[in-house]
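Engineer: just a sequence and a predicted model for now, questions to come.
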Amino acid sequence: MADDYRPFHPRIGDRVSRTEPLVRGRESRVWELPMSFELDDWVHFQFNFDPYRKGGAPPSAVLEIWRGEFDWMDKHLDGGVLTVCMHPQVIGRGHRVAMLEQFIEHCLAAGAGFSALGDVATSL
């Protein structure tokens, strides 16, 4: 989660001290793809008793968040990756699928493409 929209190689072996500057470790060969909890359907829609999380958000609110994230990335960053995490048992309710369809149509109208994360990592 070090970048909102750009894949990166995490570093291995950073040295952090209160008295010395950060010593950066080497970059790994692994790609980390951007992820944010705001782009996960579970936190918005799925109710949990413990630990308490609200859940049950209206799809219109989630659509506003997801569109806002996409629109900002589209306006400010060429070639960004917006990772949306969806769980079939959560997003799969009728009114949520309708919201997802609106989100996809919005992204397609802006010229976005859709890929599995494995395909994104392979293409880097």
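Structural biologist: Looks like it arrived, so ask away.

Engineer: where does this structure dip in pLDDT?
Structural biologist: Residue ranges of the chain with pLDDT under 70: 49-53.

Engineer: the helices in it, which residues?
Structural biologist: 41-45, 59-76, 88-91, 94-109, 117-123 (DSSP state H).

Engineer: what number of residues lie near Ile104?
Structural biologist: 13 (other Cβ atoms under 10 Å). Where you see a C-beta, it was placed from the backbone N, CA and C, and this is true even at glycine.

Engineer: which residue packs closest to it, ignoring adjacent ones?
Structural biologist: Spatial nearest neighbour of Ile104, excluding adjacent residues (Cβ to Cβ, 6 or more residues apart in numbering): Phe114 at 7.6 Å.

Engineer: and the one you found, how far from Leu82?
Structural biologist: Phe114 is 10 Å from Leu82, where distance means Cβ to Cβ, to the nearest Å.

Engineer: more crowded one of those two?
Structural biologist: Using other Cβ under 10 Å as the criterion, Phe114 and Leu82 rank with Leu82 on top: 20 against 10.

Engineer: enumerate every residue touching that one.
Structural biologist: Taking Cβ atoms under 8 Å, 6 or more residues apart in numbering as the contact definition, Leu82 lies against 5, 34, 39, 69-70, 73, 112.

Engineer: ok, Arg24 - contacts?
Structural biologist: 11, 14 are the contacts of Arg24 under Cβ under 8 Å, 6+ apart.

Engineer: need phi/psi at it.
Structural biologist: Phi and psi for Arg24, reported as degrees, to the nearest 10, are phi -80, psi 140.

Engineer: so that it lines up with my notes, have the first residue be 191 from now on.
Structural biologist: Yep, numbering from 191; the last one is Arg214 now.
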